[in-house]
Every structure is written in C-alpha cells, then in structure tokens.
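# Could you work out the structure for the sequence below:
(2 chains)
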Protein chains: 2
Amino acid sequence: MEFDLIELIRQRTAQSRDDVRLGMGDDAALLAVPPGQELAVAIDTLVDGVHFPHGSAAADIGWKALAVNLSDLAAMGASPAWALLALTLPTGDAAFVEGFVDGFAQLAQPHRLALVGGDTTRGPLTVSVAVHGFVPPGRALTRAGARVGDVVLVTGTLGDAAAGLHALQQPRRNDEGSSGPREFLLDRLNRPVPRLAAGIALREQAHACVDVSDGLLADLRHICVASGVGAEIDASLLPLSSALLGLHDDSTALHFALSGGDDYELCFCVPASRVAQVQADLARLGCGATRIGRIVAGEGVRVRGQDGAWLDIASSGWEHFA
Amino acid sequence: MEFDLIELIRQRTAQSRDDVRLGMGDDAALLAVPPGQELAVAIDTLVDGVHFPHGSAAADIGWKALAVNLSDLAAMGASPAWALLALTLPTGDAAFVEGFVDGFAQLAQPHRLALVGGDTTRGPLTVSVAVHGFVPPGRALTRAGARVGDVVLVTGTLGDAAAGLHALQQPRRNDEGSSGPREFLLDRLNRPVPRLAAGIALREQAHACVDVSDGLLADLRHICVASGVGAEIDASLLPLSSALLGLHDDSTALHFALSGGDDYELCFCVPASRVAQVQADLARLGCGATRIGRIVAGEGVRVRGQDGAWLDIASSGWEHFA
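Got it, this is the predicted structure:
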C-alpha cells in the first residue's frame, strides 16, 4: 500500500520550491532553510471520532489535518514551507486517499506548502501532520510576553466550530428555514482557515499570541501562565457570528465562544497604543480583529458577564462543556 | 491529559542544544539549523498490533518508535538533532507514558536528540515520530547513485527481527535450552539499533544506501529502481546470526534474511576498490559489514542459491512471507 498511496499524494502535493533539495521518496527528505531564518515546527494529530466526527468527508479531514497545524505556525508568526504526513488507514481505500489529498492540497497549494515526506500505515484512522515554517530569528510570536495593560484581541468570530459540532449531533429542525447558518457553522468546523497572514502581520506588533484550538478560556490561560499575568474578558465584547446567534440563545452562544474550541482564530495581546493600527493592518488582510479584554496583574482568566458581574467560570462547567 | 503527559515527556527528553531556541510548550518549537547544513527529515508511524506486537512493553515501543526514524537518518548519512512525537493512547495511562518515555530517552540521550514538540491524543495506540538531522549540502546518501559493478554490502546480520517475531508467536519449546538465542532475537525485534555512525562514515564512500526496514529484497529493490540498475545477491553470503541459525534451518533462516524486515541494518553500494577500506572504517565503529552481491545492468534483484542456481523469488512467496 505504502508506495502507491504516497506516490499519489506526492504527485498532488509537490511544489516547486528551491529549498526542497530532495522531496518524498527516499529514506528522508533533504531541505535547506533559507539563510537568516529560524525554523518553526509543530505536530498535531487528528483521531477519527475524537477530532473530527466519524464519517466526515475525506477531503474535510485532509484539509483540517493541515489546517490545525498551519494554525500553530500562524500563532508563531511563521511562514509555512514544508509538511510531513503520517496517515493511518483501516484499508487501502483509494477513493478515501484521493479525497483526503484533494482537501490537503486545496489548503497547501495557495501557501506553496510542499509535502516532503510521509508514511502510510494500516490501523484505525489517525492523521498526524508535522509542519515547518520560517521566521526571522528572535521575531517569532510566543505565548510569553504579554504585559499588564495590554489589550486582548481575537481574530474572526468565536464559537462557530462548537456550534457546528452541535448542529451535526442534532436532528435538523423543520423550522430551521434556510440551511445557510447551519452550513456556515459546519464549514467553520470542517474547513478552518489558519490565520497565517494575520500571524505574520502581528509579528511586529503583538506581545503574545496563541491560536484558539482548545477554546478561548483554555488558550488565553496558556498566555497567562507563560507570561505570568492574568486576563479579564468582557463577555459582551466577544465576536459572535450571525449564524451562531441565529441558531442559539445568548447563553449557549457564550458557552460556545468561551469554551468551544476548534475555531483556529488567533488570540493576541498588544499595547493599547497599537490597537487601532493592528486592527487596520489586519483589516487590509481581510481579517477582523476584536478587542475582548485586557491583561492584568495576577493570574487566571476572569470573564465579566453582560450584567457587569464576574461569571463563575469554575462552577458553571465551562471547561468541560465542549 | 495533554499538558501533563507532554510536560513529563519534556522533562525527560530535553537536551541542552544551542540550536533549540524554544523547545516544547508553545504553539511551535523554534530551531536553528547550523550554517552550512541541510536538514534531513523523516516521519514513521508504529501501530499497535501492526508494527509491534500487542502487549509490547511501553519502553520497547518508545525505543522502537524513535529507532525506526533514526534509521532513516542513518540511511541518509545524517546526524540526528530533533524529534517531534505524536502519541495516541486509549487512556491517560501514566505508567505507560513513563515507560514509553524511558525507552525513548534511552535511545535519544546518547545521540543528544532533543524532543522539541509533541501532541498526545486519545485513541487507538499509535505513535508517529518525525526526526530531523543535519547533513552537509550535497553529501547525503540517497537510494539513487548505485552503479553497475558496485559491490552490495549490508551491516550487521539479517533476519533476526523476523525470527524474533516468529519466536513471540510460537510457544516456547521445552528443548530450547538456554533462553539466550531467543532473547537475542527478541531484543533485535524490540530494540533495533539505528546505524547512525555507519551512515555518517558511508557518506564519503557509498554510491547509494537504504535501511532494511521492509526486508532486504524489498529495500534493495528501492535502490535498483532509484538508480536504474539491477542487483545480484548470493544467498550463501548473507550474514546470519548464530542465534538465527541455532533456532532455524537454513531455508527458514534464508527466508527471514531476505524478506523478514525490521532489522534496520544499512544496505549500501560501493565501488569494488573501496570495499576493504569501508569494511575497516565501519569495523572501527564496531559495525560489521558483509559483501552480499553486486550491482548489474538491468533491473530487479536476483538471488543465487547455495547450489549456484537462481532462486525463483516471485513464486516462492518471499515477498509475502513476513
């Protein structure tokens, strides 16, 4: 199985990059990092039924396996270059592999990301992708570096992927009317768009950055721990899509936005004096950025409800909602 | 689960390497390839019950997951530097993870290989490791480059891992006597030793190289295809361990050696004039190297039996034996 599938994958995902000295097909790929660049590397795994719904379209799985990894590069402000793919499949299902590769390639090609190595094995459906990107030395965005007084912003909208998963798990309602909002939310779940251009633009501006993969609260907490600070979020400021608000009451929408995960937006911290400029810069890239709170002394993340009182996050089960 | 397990893994596998600018714990690691070096990268997956016997010791799985990847670097003549680990586990079993990390670290530490990134997920036991090594530009060993007249050599002994797997699948015989040979073969199966020093030494000498992961015939065929040549092997020259010969008749031992796979020795091609020097160089590294045949015009791999006649490989099921 291995050779044919990897050969199929290679044909559809090869990119003409000067920095790929030897691509897929030998014991290892040979790559040249451009002078004056550091390498940013990350690996993420998707397991059938855990990270995507069982029965997901192969193309969606291929797209998402790459997207969640590219989102890690986006959060570092790195430009994507190469990927490795470890694909474990129950059977040598050529149609599945073709669909998977189509989805993977749809996302890889506009970024000129080259798949340089892979391994296909038999077993329960599991996909690991490792990505490699470039970043000028010392200029990467990290989770550490947020400062007291920084404004916390987030790109795009939050909670859509969780609402998409919820929609999948519910029977469709007869009174739903147009399928527009539902399709939008499913697309957000199945085809997340990594914020690569935004991450690169933020390299010069943000003190800290993380991608929202586990949910805003969990991921912003990573920034707080790494930076030795706390954060206060205003629930009323969270950017929510009209699709999310159209299908859910405010309380459920807030749950999804705070804890849903899988949105792959960027959450980042900038000095107050730079907020307007950053928002303008990102807007030019077609990426909205909303201020949702600020960094404070202390630790942990607090959320101010729409009535002005702090939400009791711990006892309301936010962390385990998704 | 993720944070604690990865933190445990990080603590046990961090190495002080100047080229690791930011290790595990952020969205991506930041790495600096030394000036004047190319990067060799490979990824391999082990699936429970497919690439290691179900019920294998956690430490053996950890060792082997890294070993099979380092063997790919060895086959390229690259020096190992960094690894990424994607570990999928059915449960957050701390004892399993500790054992796994012990085995991984036992192999990583002497090579100063740093684990720089990881992802732990819930699902059927599956391990993917991606490795990164350095090689001077244009000096890597590849599968292409074998020339007609080259001598084919192999390091160590062949067929031991297949015999180890066979031993595991058989009840122990009462007349086996000492467990020495059986333990040797199991160790070869569970704890393969990647031929890293040999690979680096061969960089200046060999025209082509591959690691024996799928079995000698299959892997030498990779060299033939990539180089546009054929190969002739003498069955009587194959290096077989006394453990293998002690537990199996000649015919079975030959089967294992030709098709068994999982030995992670290097098979390589050098001009006849260099054979003695190469053997002396590798012997200084404690690595035996045996000449087993030669490269010829044409295509495919032929094996001359001990009676001087060509073996009928296709019809005797060699390819499917293991």
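# Please identify the residues of the stretch 201-322 of chain A in proximity to chain B?
Counting by C-beta under 8 Å from any C-beta of the partner chain, the residues of the stretch 201-322 of chain A close to chain B are A:209-211, A:226. All C-beta atoms are positioned from the backbone trio N, CA, C, and that covers glycine.
# Around chain B, which positions in the stretch 51-200 of chain A sit nearby?
So the stretch 51-200 of chain A meets chain B at A:51, A:71-73, A:75-76, A:78, A:82, A:84-86, A:88, A:116-119, A:121-124, A:126, A:128, A:130-133, A:135, A:137, A:140, A:142-144 (C-beta under 8 Å from any C-beta).
# Separate out the buried members of those residues.
The neighbour-count test (16 or more other C-beta atoms under 10 Å in any protein chain shown) applied to those identifies A:51, A:71-73, A:75-76, A:78, A:82, A:84-86, A:88, A:116-119, A:121, A:123-124, A:126, A:128, A:130-133, A:135, A:140, A:142-144 as buried.
# returning to that earlier point: could the residues of the stretch 201-322 of chain A next to chain B go into CSV alongside neighbour count, distance to B:P192 and pLDDT?
Supplementary listing: those in CSV, determined by neighbours: other C-beta atoms under 10 Å in any protein chain shown; distance: C-beta to C-beta, whole Å; pLDDT from 0 to 100:
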residue, neighbour count, distance to B:P192, pLDDT
A:C209, 30, 41, 98
A:V210, 28, 38, 98
A:D211, 27, 37, 97
A:A226, 17, 38, 97
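# quick one: which of the residues you listed sit in strands?
Among those, the ones falling in strands (DSSP state E) are A:209-211.
# Out of these, flag the one nearest to A:A57.
A:D211 (23.4 Å; C-beta to C-beta).
# Identify the bridge partners of the closest one.
Legend: beta-bridge partners of A:D211 under DSSP bridges are A:L266.
# got the contact list for it?
A:71-72, A:74-75, A:194-195, A:219, A:264-267, B:27 (C-beta atoms under 8 Å, 6 or more residues apart in numbering or on different chains).
# now A:V116
A:V116 sits next to A:20, A:23-24, A:29, A:31, A:82-84, B:41 when contact means C-beta under 8 Å, 6+ apart.
# Which stretches in chain A count as strands?
Ranges of strands in chain A, per DSSP E, are A:20-22, A:29-31, A:38-47, A:79-89, A:114-122, A:126-135, A:151-155, A:208-211, A:230-234, A:266-270, A:289-296, A:300-304.
# for those strands, which one sits closest to A:G103?
Of all those, it is strand A:126-135 that lies closest to A:G103, at 10.9 Å by C-beta to C-beta.
# I'd like to know the average pLDDT value across that closest one.
Predicted confidence along strand A:126-135 averages 97 (mean pLDDT).
# Now do that strand: which elements does it pack against?
Contacts defined by 3 or more C-beta pairs under 8 Å, 6 or more residues apart in numbering or on different chains; DSSP states H and E place strand A:126-135 against strand A:38-47, helix A:58-76, strand A:79-89, strand B:38-47, strand B:79-89, strand B:126-135.
# by how many degrees do the third one and strand A:38-47 diverge?
An angle of 30 degrees separates the directions of strand A:79-89 and strand A:38-47 when computed by axes from the mean of the first three to the mean of the last three C-alpha atoms, to 10 degrees.
# Dump strand A:79-89 to CSV, restricted to CA.
Written as CSV, here are the backbone C-alpha positions of strand A:79-89 (Å, rounded to 0.1, in the frame of the first residue of the first chain):
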residue,chain,number,x,y,z
SER,A,79,5.5,31.4,7.0
PRO,A,80,4.7,27.8,6.1
ALA,A,81,7.1,25.8,3.9
TRP,A,82,7.0,22.0,4.3
ALA,A,83,4.9,19.2,5.8
LEU,A,84,5.2,15.6,6.7
LEU,A,85,2.2,13.3,6.8
ALA,A,86,1.6,10.2,8.7
LEU,A,87,-1.7,8.6,7.6
THR,A,88,-3.0,5.5,9.3
LEU,A,89,-6.0,3.9,7.4
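# Can you list the strands that it pairs with?
Paired with strand A:79-89 in the same sheet, following DSSP bridges, are strand A:114-122 (parallel), strand A:126-135 (antiparallel).
# before we move on, back to that, how about the residues of the stretch 201-322 of chain A next to chain B, which pair is most distant?
Once C-beta to C-beta is applied, these give A:D211 and A:A226 as the farthest pair, at 13.8 Å.
# wait, what's in contact with the nearest residue to A:V148 once chain neighbours are set aside?
Using C-beta to C-beta, 6 or more residues apart in numbering or on different chains and skipping residues adjacent in sequence, the residue nearest A:V148 is A:A297, 5.1 Å away. When contacts are counted by C-beta under 8 Å, 6+ apart, A:A297 touches A:148, A:229-230.
# among those residues, who's most crowded?
A:V229 (25 neighbours; other C-beta atoms under 10 Å in any protein chain shown).
# Distance check, that residue against A:V301.
10 Å (C-beta to C-beta, to the nearest Å).
# A:R191 now?
Counting by C-beta to C-beta, the gap from A:R191 to A:V301 is 28 Å.
# what does the model give A:Q170 for pLDDT?
With respect to pLDDT, A:Q170 has a value of 82.
# roughly how far apart are the closest residue to A:S56 other than its chain neighbours and A:T252?
Leaving aside its sequence neighbours, A:S56 sits nearest to A:N190 (C-beta to C-beta, 6+ apart; 6.7 Å). The gap separating A:N190 from A:T252 is 21 Å, by C-beta to C-beta.
# Settle it for me: which of these two has more neighbours?
A:N190 (23 against 17).
# Give me the below-cutoff pLDDT ranges for the stretch 101-250 of chain A.
Applying pLDDT under 70 to the stretch 101-250 of chain A flags residues A:172-179.
# Where does it get nearest to chain B, residue-wise?
With C-beta to the nearest C-beta, the shortest gap between the stretch 101-250 of chain A and chain B falls at A:G123, namely 3.5 Å.
# Now do the contacts for that residue.
A:G123 makes contact with A:88-90, B:47-50, B:124, B:126, according to C-beta under 8 Å, 6+ apart.
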